[in-house]
Each structure stands twice: as C-alpha cells, then as structure tokens.
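Peer 1: Would you be able to build a 3D model of this:
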Amino acid sequence: MYEAHTYEWTHPPYDDKEQAAPIFGNQLFTAARKAVEILGDHLSAAAGPGGRTAHLRTGGTVFTLGICDAGDVFLRNEELGDVRHLPHVNANSSPDAIAEAVFNHIGDIY
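Peer 2: Numbering: from 1, shown residues only. From the prediction side, this is the model:
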C-alpha cells in the first residue's frame, strides 16, 4: 500500500541559490496545519528544527513530515520508527495535496 524505506533521512534538499537555506519547510508546516484542519483538533502541528520538517502530534505520538533526498514526501511515526513515502505527492506538490495525503494515511489510523 505504502512504500516504506529503512534509511535514515538526514537533510532536506537545498536551493543552490540560497546556500544552506532549506526549501520546502514552510510548505511542510502549511501542509501539517491543513492536515490538522482536515483531521480535527485532536492533532496539533508544529514546525520542525530549522524549518526543515513539520510535525503532527496526537496524544503521545509524533509524526514527522519531511522531504527525502529523492524529493518524495515522507511521514515518520516517531514512536514506532515507521517511515512511509506518501503516494501521489512529492516536493513539488501543493500543501493542500500533501495535507490530503497525510489525511489518507493518518486518517486510517486515527
């Protein structure tokens, strides 16, 4: 159903023009906030360290939303260590499309 990967994501893609400025971080936080709107107020959204990722939190579970080196959007369940690429979205997708993909994955669980 979802493509899982086992390697550790260590850094986001960078924009060559903005030396050391991560790209997509704001879009990920916007996507996380939109996912909270869709999923309900039992979740909360937060920007990740350095704006490189975003986080969704429900109860004691934290999900990290990020972009892997290949440009795919991933969602990692920090409690389980489970990492999934979200289907049909990538780094070029709109925050709305990413939020919908997050909903399709987390909505099945919660």
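Peer 1: pLDDT weak spots in this protein?
Peer 2: By pLDDT under 70, the low-scoring segments of the chain are 1-25, 50, 108-110.
Peer 1: mind listing the strands in it by residue range?
Peer 2: Assigned by DSSP state E, the strands in the chain fall at 3-4, 43-47, 54-58, 61-67, 72-77, 82-90.
Peer 1: Figure out which of these is closest to D96.
Peer 2: strand 82-90 (10.1 Å; Cβ to Cβ). C-betas here are computed from N, CA, C, even on glycine.
Peer 1: Okay, angle between that closest one and strand 61-67 too, please.
Peer 2: Going by axes from the mean of the first three to the mean of the last three Cα atoms, to 10 degrees, strand 82-90 is angled at 40 degrees with respect to strand 61-67.
Peer 1: what's strand 82-90 packed up against?
Peer 2: Here strand 82-90 touches strand 3-4, strand 72-77, helix 95-109, going by 3 or more Cβ pairs under 8 Å, 6 or more residues apart in numbering; DSSP states H and E.
Peer 1: Pick out the residue closest to the middle of this structure.
Peer 2: By Cα atoms, centre = their mean, the mean C-alpha position of the chain lies nearest to L65, the distance being 1.7 Å.
Peer 1: Please look at that one and L75 and confirm they touch.
Peer 2: Yes - contact criterion Cβ atoms under 8 Å: L65 and L75 qualify, at 5.7 Å.
Peer 1: Pull up the overlap in contacts between the two.
Peer 2: Shared contacts of L65 and L75, defined by Cβ atoms under 8 Å, 6 or more residues apart in numbering, are found at V102.
Peer 1: Work out the gap between stretch 75-94 and the centre of the chain.
Peer 2: 5 Å (Cα atoms, centre = their mean, to the nearest Å).
Peer 1: Tell me the buried residues in that stretch?
Peer 2: 75-77, 83-86, 89, 91, 93 (16 or more other Cβ atoms under 10 Å).
Peer 1: ok so, going back, right, and the strands of the chain - which one's nearest A35?
Peer 2: strand 54-58 (6.3 Å).
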